[in-house]
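Enquirer: okay, here's the prediction I keep looking at, along with the sequence it came from:
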Protein chains: 2
Amino acid sequence: MSKTNPFQSNCPIARVTHLLGDGWTLLVIREAFLGTRTFNEFERELGIARNILSARLKTLVKAGVLARRVSEVDRRVVEYRLTQPGLDLLPVLVSLAQWAGRHLCCESVPMRFVERASGADIPPVAVRSATGEVLGPSAIAMVAGPQADDQLKSRLDRAVSTSVRPA
Amino acid sequence: MSKTNPFQSNCPIARVTHLLGDGWTLLVIREAFLGTRTFNEFERELGIARNILSARLKTLVKAGVLARRVSEVDRRVVEYRLTQPGLDLLPVLVSLAQWAGRHLCCESVPMRFVERASGADIPPVAVRSATGEVLGPSAIAMVAGPQADDQLKSRLDRAVSTSVRPA
DNA sequence: CGCAATGAGTTGCAATAAGCAACCTAAAGC
DNA sequence: GCTTTAGGTTGCTTATTGCAACTCATTGCG
């Protein structure tokens, strides 16, 4: 991961990249959504090295994504489960999986999201306005908030002038 | 990144983690959305090492996220811009940034997404049913598609029985 | 009670990837 | 022609990952 990143400071995408930006963390979170709870379950399902898993779980607990709790029925087992902030990652996970399903698994449909109740397919997650219209890249802008630091501010100022048109 | 991952094979989340799951790729894509086009611009904006940037751009081009084109006005400059699949990452990027803004930048608002036309705030990206209702984690399920391999199938079968309730 | 088994880690070491500076090549500018 | 600029690549150092073995507390069992 990046140690010396000038724009890492204040940008939310930089922060979330720092947390989720490695080869395992997103998979750990996927497993948590699939119901995996204990250390050994994560290890078995993912084939992840134990020391790496240990480090990732620690980080996710510290970040407030997972909660660590020793089971009361068996004090050996430790349960990791998604907190409310962790559950709030659902749109991220679903949009990632949908994108990958469309663009990375060409011609094949390995998996899809459905409504549990009806079995109906879930349409692609989209960025929408308050009135519900789907917004494309050119319809939205990132603007600096009150707590933006100087780097972020100047970066966003430079960006507004350049439009995002497809290649 | 993970070399030996049993569940890496067919799951879209595993595939997208393999592509985007490192400390730089998401930041490169953010820069592309902000209008960054050339090698030196990416280097300056991100503070990324040149060899790493070179490798990431290659990977993203091969994955079809970015298009590489030599400028016709100056044959020294190479332009990298988002393809349509790349632009389709918008919901991923926005949902990530919104999540980080809510949960990783406590008490501060470094940046927000607005409609370019009106300046209105963009509400949180959500998973919705075909009829537009917001769906939570317990309302949705992942099911194996026709091309799911055996690992993915058995993994998803095991998951449906376990419900996802908050910690 | 004694003891093997289980769950959750930690530690040490080899392999791999990231970070950094220097170098290279081709095209522009003058 | 000579310098500058853009876009890389190469070699070397340092950090991270992967793997196996080990620890340590708890628990089921005879």
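Expert: Sure thing, it's come through. Residues are numbered from 1 along each chain as shown, chains lettered A, B, ... in the order given.
Enquirer: do you know how far A:Leu34 is from DNA strand D?
Expert: A:Leu34 is 20 Å from DNA strand D, where distance means Cβ to the nearest atom of the strand, to the nearest Å. Any C-beta I mention is one placed from the backbone N, CA and C, and that applies to glycine too.
Enquirer: so what's the residue count around that residue?
Expert: 19 (other Cβ atoms under 10 Å in any protein chain shown).
Enquirer: same deal with A:Thr83?
Expert: Residues lying near A:Thr83 (other Cβ under 10 Å) number 17.
Enquirer: I'd guessed it sits against A:Val65; true?
Expert: Yes - if you go by Cβ atoms under 8 Å, A:Thr83 and A:Val65 touch, sitting 6.4 Å apart.
Enquirer: for the residue nearest the centre of chain A, which non-adjacent residue is closest in space?
Expert: With distances taken as Cα atoms, centre = their mean, A:Val92 lies nearest the centre of chain A, 4.8 Å away. Spatially, and ignoring its direct neighbours in sequence, A:Val92 is nearest to B:Ser95 (4.7 Å; Cβ to Cβ, 6 or more residues apart in numbering or on different chains).
Enquirer: from the chain's centroid, how far away is whichever strand or helix holds the one you found?
Expert: Here B:Ser95, judged by DSSP states H and E, is contained in helix B:90-103. Put simply, helix B:90-103 sits 10 Å off its chain's centre (Cα atoms, centre = their mean, to the nearest Å).
Enquirer: which parts of that helix are buried?
Expert: Buried positions in helix B:90-103, judged by neighbour count with 16 or more other Cβ atoms under 10 Å in any protein chain shown: B:90-101, B:103.
Enquirer: kindly identify which of those residues also come near DNA strand C.
Expert: By Cβ under 7 Å from any atom of the strand, no member of the buried residues of helix B:90-103 lies near DNA strand C.
Enquirer: helices along chain A, start to end?
Expert: All helices of chain A, identified by DSSP state H, fall at A:12-20, A:25-33, A:39-46, A:50-62, A:84-87, A:90-103, A:150-160.
Enquirer: and these: which comes nearest B:Arg15?
Expert: Closest to B:Arg15 of those is helix A:90-103 (Cβ to Cβ; 5.0 Å).
Enquirer: hang on, the earlier thing: between the helix holding B:Ser95 and helix A:12-20, how many degrees?
Expert: If you take axes from the mean of the first three to the mean of the last three Cα atoms, to 10 degrees, helix B:90-103 sits at 80 degrees to helix A:12-20.
Enquirer: what packs against helix B:90-103?
Expert: helix A:12-20, helix A:84-87, helix A:90-103, strand A:140-144, helix B:25-33, strand B:111-115 (3 or more Cβ pairs under 8 Å, 6 or more residues apart in numbering or on different chains; DSSP states H and E).
Enquirer: low-confidence ranges in chain A?
Expert: A:1-9, A:160-167 (pLDDT under 70).
Enquirer: if you set the cut-off to 50 instead, what comes out?
Expert: Applying pLDDT under 50 to chain A flags residues A:4, A:6.
Enquirer: any residues of it in contact with DNA strand D? List them.
Expert: Chain A has residues A:1, A:3, A:22-24, A:47-52, A:55, A:74-76 near DNA strand D, with proximity defined as Cβ under 7 Å from any atom of the strand.
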